[in-house]
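Undergrad: Return a 3D structure for these sequence lines:
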Amino acid sequence: MRILIVEDEELAVKKLQKTLHAVYPAAEVVGITESIKTTVEWLFSHPQPDLILMDIELCDGQSFEIFNLFDVKSPVIFTTSYDEFALKAFKVNSVDYLLKPVQKEELQAAIDKYQRLTAEHKPGINLDSLVKELQLKLQPKDFRKRFLVKQAQKLVSVDVEDIAYFYSDGRLNFFKTEDNKKFVVDYTMDELEDMLDPARFFRISRSFYVSVNCIDKIDDYFGNRLILALRPSVDKEALVSREKVTDFKKWMGK
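TA: Down below sits the predicted model:
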């Protein structure tokens, strides 16, 4: 399989080549280009490759411009850090769409998909179904911006960005604000999961959602768990359950 890599970051090229050869040792990288200009020049002067691995954001613009300057017949696997380009990517010969950094399993699945399409002599993919699927996945979700809660004999609106964490005592669910005010919230922890932005809040256990801003300290805890010191303090242990530890560390490292 002859592959052209279109990528403007040297480190990304090296990582992609390493991952590619790990999942498909027989792959031959016949060219590496870093811009719209050099890619078009390469395509005019070489036979079209079997497959193109193409970053969307190049040093001189979006790689979609390449398709306006050259009649690309090769199938393409796009790589990018930006979800917003996905729908546009699938409209130009795309076999697949991978978010960077490209993971070995995802690249393997994309290569397998390309080989399956080739074996079945299919010139392309069902764009209509893929676009519908991507629209569902990439449609911006309207996360909760505020909660209406009781305070004494009145109702008050609290902005989500002022909330430090949510927790349950087994009977009622609460949240505490960053200035240490405590309110009862009339939703289950499972219902909150669909309301809270996962970039800001993480469910560390069945009874706790924490915001990234409220974590003061993280310590190891027995049973391969973690224990968190939260700000403001809370009157129960904030434990990251064993099955959540790996995802929690990834979330904290983003």
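Undergrad: Please save the CA atoms from the helix or strand containing residue 220 in PDB.
TA: Here residue 220, judged by DSSP states H and E, is contained in strand 215-221. Extracted in PDB, the C-alpha atoms of strand 215-221 (Å, rounded to 0.1, in the frame of the first residue of the first chain):
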ATOM      1  CA  ILE A 215      -9.900  20.100  43.300                       C
ATOM      2  CA  ASP A 216      -7.300  21.200  45.800                       C
ATOM      3  CA  LYS A 217      -5.400  17.900  46.200                       C
ATOM      4  CA  ILE A 218      -5.300  14.400  44.900                       C
ATOM      5  CA  ASP A 219      -3.900  11.500  46.900                       C
ATOM      6  CA  ASP A 220      -3.700   7.700  46.400                       C
ATOM      7  CA  TYR A 221      -6.200   5.700  48.400                       C
END
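Undergrad: How about residue 237: what's its closest non-neighbour residue?
TA: residue 227 (6.2 Å; C-beta to C-beta, 6 or more residues apart in numbering). Using the backbone N, CA and C atoms, a C-beta is placed for each residue, glycine as well.
Undergrad: Which pLDDT value goes with the one you found?
TA: Here the pLDDT value assigned to residue 227 is 95.
Undergrad: Give me the phi and psi for it.
TA: The phi and psi values for residue 227, taken as degrees, to the nearest 10, are phi -120, psi 140.
Undergrad: Same question for the one 5 residues further on.
TA: Here the main-chain torsion angles of residue 232 (degrees, to the nearest 10) amount to phi -70, psi 170.
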